[in-house]
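**Student:** take a look and give me a structure for this.
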Amino acid sequence: MLVGISTKAYLSRARTLDWLAAVADLAQGHAAVRSSAVELVVAPSTPLLEAAVRLLDGTGVEVMAQDVSRFAGGAVTGEDVASLLADIGVAYVEVGHAERRGLLGETDAVIRAKIDRCREVGLVPWLCVGEEARIGPAEAAASCLAQVGAAAAEPLVVAHEPVWAIGAPEPAPVEHIVGVARALRAGLPPTTRLVYGGSAGPGLLTRTAPAVDGLFLGRRAHDVAAVASVLDEATRASGRASDASSTRGR
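**Tutor:** Just a heads-up that it's a prediction; the model follows:
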C-alpha cells in the first residue's frame, strides 16, 4: 500500500518541521512502515525539502517534491530542476495537479516535459489526473487516461483526483472511486500504482482497497493522528491484497 501526503502551502516553516518530526516518530514506531508493507511519502513545500530529507532519513519515509521544472537546468532563473531535487534525496515528484493546471495554466505538453525531466534523473513521477465535472466512472476514467497519455510508461504513480472533489467537504462517493479505479486499471500498465486523492482522509481506504493501491492525502493528514489511522487502514488493506494475490495464484 502507498500513502502520500502533501502539505501544499498550508503550513509555516515551524509547523512543517514539527509535523515532519511527528511523522518521523510515527513511522519509526509503525511496523508496516518499518517492514515496507506500507510506503509513506510526504511532500512538504519546496524550501523545506532538504530539511525533510534529513529529518526522515532512516525512518522509511520517502520525500516528494510538489513540483519540478520542465527545463533540465541552466539559464532558467527560479526553476526547481529535477537533477537538483534528485541530488538532495527526493524520490518522487508530484506533477499535473489540478491547481497547477487551473491557476498556472499548465498544459499536457508542459506536464509531459516535467515527467521526462524526472525520468532522466531517476525520479518517479506522481501524476495527478482527474475529471472536471461529476460524470460517470467510465467517462471519468477515459478523461483520466487521456491525461496520462504517453506518460503511461513505467515508473509511474497515478493519483486519481476528481477536480470537483479537491477541497470539498467529502471525497468522491466510494462507488465512483472504485468504478473509476477499475476502469483505469484496464488502460494502465499492470505495475502502475494507482491512488485516490481529493478530500481523502481516515476511513476511506478501508472502503476502496484493493481497487486502489493507497491514498494521496492533503489537509486532513496535517493532524498526525489522522496519518496514524490511515497507516493502520493501509496495513489491513495490504494484508487483504496479499491474501487475494495468493488465492489467485493457486
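
**Student:** this protein: helices as residue ranges?
**Tutor:** 13-28, 31-34, 49-56, 82-87, 98-104, 108-120, 137-148, 174-187, 204-208, 224-249 (DSSP state H).

**Student:** distance of Ala21 relative to Thr59?
**Tutor:** For Ala21, the distance to Thr59 (CB to CB, to the nearest Å) stands at 10 Å. C-beta here means a position set from N, CA and C on the backbone, and glycine is covered the same way.

**Student:** more neighbours, those two?
**Tutor:** Thr59 (19 against 13; other CB atoms under 10 Å).

**Student:** show me what contacts Val148?
**Tutor:** Residues near Val148 by CB atoms under 8 Å, 6 or more residues apart in numbering: Leu127, Val129, Val158, Gly187, Leu188.

**Student:** just Met64 next, same as before
**Tutor:** Contacts for Met64 (CB under 8 Å, 6+ apart) come out as Gly4, Ser6, Val41, Val42, Ala43, Val90, Ala91, Tyr92, Val93, Glu94, Trp126.

**Student:** for it, list each beta-bridge partner.
**Tutor:** Counting by DSSP bridges, Met64 is bridged to Tyr92.

**Student:** quick one: it from His176, how far?
**Tutor:** Using CB to CB, Met64 is found at 26 Å from His176.

**Student:** surely Ala159 meets Val129?
**Tutor:** Yes: Ala159 is in contact with Val129 according to CB atoms under 8 Å; the separation is 7.2 Å.

**Student:** wait, isn't Val95 in contact with Ile111?
**Tutor:** Yes: using CB under 8 Å, Val95 makes contact with Ile111 at a distance of 5.6 Å.

**Student:** neighbour count: these two, which is higher?
**Tutor:** Each of Val95 and Ile111 has its neighbours counted (other CB under 10 Å); Val95 has more, 29 against 24.

**Student:** show me what counts as buried in stretch 44-62.
**Tutor:** Using 16 or more other CB atoms under 10 Å as the test for burial, stretch 44-62 gives 44-45, 48-53, 55-56, 59-62.

**Student:** ok, Leu127 to Ala22 distance?
**Tutor:** Taking CB to CB, one finds Leu127 at 28 Å from Ala22.

**Student:** re earlier: which residues are in contact with both of Val95 and Ile111?
**Tutor:** Residues within reach of Val95 and of Ile111 at once, by CB under 8 Å, 6+ apart, are Leu127.

**Student:** low-scoring stretches of the chain, by residue?
**Tutor:** Per-residue confidence for the chain (pLDDT under 70) gives these ranges: 241-250.

**Student:** how about stretch 95-115: buried residues?
**Tutor:** For stretch 95-115, a neighbour-count test (16+ other CB under 10 Å) marks 95-101, 106, 110-115 as buried.

**Student:** chain center to it, what's the gap?
**Tutor:** Remark: stretch 95-115 is offset 15 Å from the chain centroid, using CA atoms, centre = their mean, to the nearest Å.

**Student:** neighbours of the closest residue to Pro137 other than its chain neighbours, how many?
**Tutor:** Among residues not flanking Pro137 along the chain, Gly179 sits closest, at 3.0 Å (CB to CB, 6 or more residues apart in numbering). Residues lying near Gly179 (other CB under 10 Å) number 18.

**Student:** just checking, Gly179 touches Glu139?
**Tutor:** No: between Gly179 and Glu139 there is no contact, the gap being 10.4 Å when judged by CB under 8 Å.
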